[in-house]
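A.B. asks: Structure here, sequence nowhere to be found:
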């Protein structure tokens with residue numbers, strides 16, 4: 001087992017070195033989190049194996065949040081671990097992995113706690129720097145127009161809509177003992193999954209997202225995602241007793 005773990009770490013270090021050189025924001029502590037995602041998710045293994053990995057991270061999709069990612073030091077604790085976590089969740093929905101096993105192992109790794117704190121800090125700083133503004137909105141379902149666009153650009157999301165089961169929410173047990181009490185993000189499902197499917201597939205299948213991002217500029221549902229992520233990490237930290 002140790003030999004296999006060492007092999008996975010070596011693969012990740014080699015691939016993520018490309019990412020680190022291009023994007024600068026990278027903390028080597030996330031390797032242990034990425035390695036766990038790699039072991040449990042065939043989609044993440046495909047993502048890491050892509051020749052586009054490290055050259056592109058699907059970041060164009062989030063240019064509507066900020067066109068200056070280099071300003072945000074917290075990203076070094078987020079990418080590419082966020083893509084790993086969503087890969088695991090997507091594979092669980094498709095029946096390709098067991099979330100129970102992943103969650104129990106993830107609970108033992110401090111990196112996943114650091115990930116939550118970095119995510120909160122990143123989005124808070126987006127708001128402080130006025131790269132995005134805090135939105136006030138009524139609860140509403142995901143835009144079908146946006147979901148249909150994601151299906152068009154992502155074969156993985158098409159597969160989810162055709163044969164996926166559940167929402168993979170058990171992943172939240174990494175951080176929460178009361179997943180049903182974490183309401184943020186859940187009501188916009190499957191928008192969060194759809195957007196990460198587009199990001200992942202853009203890297204796996206070498207797809208340019210310029211046209212996709214141009215088409216979503218006027219869709220304010222897309223900006224709901226960072227707001228819901230912010231609420232999500234706040235709810236998690238409130239459960240931890242951290243304000």
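C.D. replies: On my side now, so go ahead. What you see is a predicted model; the values in this text were computed from it and never measured.
A.B. asks: pretty sure residue 81 is touching residue 111, no?
C.D. replies: Yes. Assessed by CB atoms under 8 Å, residue 81 is found in contact with residue 111 at 7.3 Å. Heads up, the C-betas are built off the backbone N, CA and C, glycines and all.
A.B. asks: neighbour-wise, which of these two wins?
C.D. replies: residue 81 (24 against 19; other CB atoms under 10 Å).
A.B. asks: That one and residue 130: what is the separation?
C.D. replies: For residue 81, the distance to residue 130 equals 27 Å [CB to CB, to the nearest Å].
A.B. asks: Kindly report the same for residue 35.
C.D. replies: Remark: distance between residue 35 and residue 130 (CB to CB) = 37 Å.
A.B. asks: ok, now residue 17?
C.D. replies: Separation of residue 17 from residue 130 (CB to CB) stands at 34 Å.
A.B. asks: which one of those two has more residues nearby?
C.D. replies: For residue 17 against residue 130, the residue with the higher neighbour count under other CB under 10 Å is residue 17, and the figures read 13 against 8.
A.B. asks: Using the three-state scheme, assign the more buried one.
C.D. replies: For residue 17, the reduced secondary structure class is helix; criterion used: DSSP: H, G, I helix; E, B strand; the rest coil.
A.B. asks: Can you tell me the closest non-neighbouring residue to residue 170?
C.D. replies: Distances taken as CB to CB, 6 or more residues apart in numbering place residue 99 nearest to residue 170, at 4.4 Å, with adjacent residues excluded.
A.B. asks: can you check residue 51 too?
C.D. replies: Sequence neighbours aside, residue 206 is the residue nearest to residue 51 in space, at 7.6 Å (criterion: CB to CB, 6+ apart).
A.B. asks: On the pLDDT front, check that neighbour for me.
C.D. replies: Taken from the predicted model, the pLDDT recorded for residue 206 is 87.
A.B. asks: Quick check, it in contact with residue 53.
C.D. replies: No. Between residue 206 and residue 53 there is no contact under CB under 8 Å: 10.4 Å.
A.B. asks: Please identify which of the two sits among more neighbours.
C.D. replies: Counted by other CB under 10 Å, residue 206 and residue 53 do not tie: residue 53 has more neighbours, with 19 against 12.
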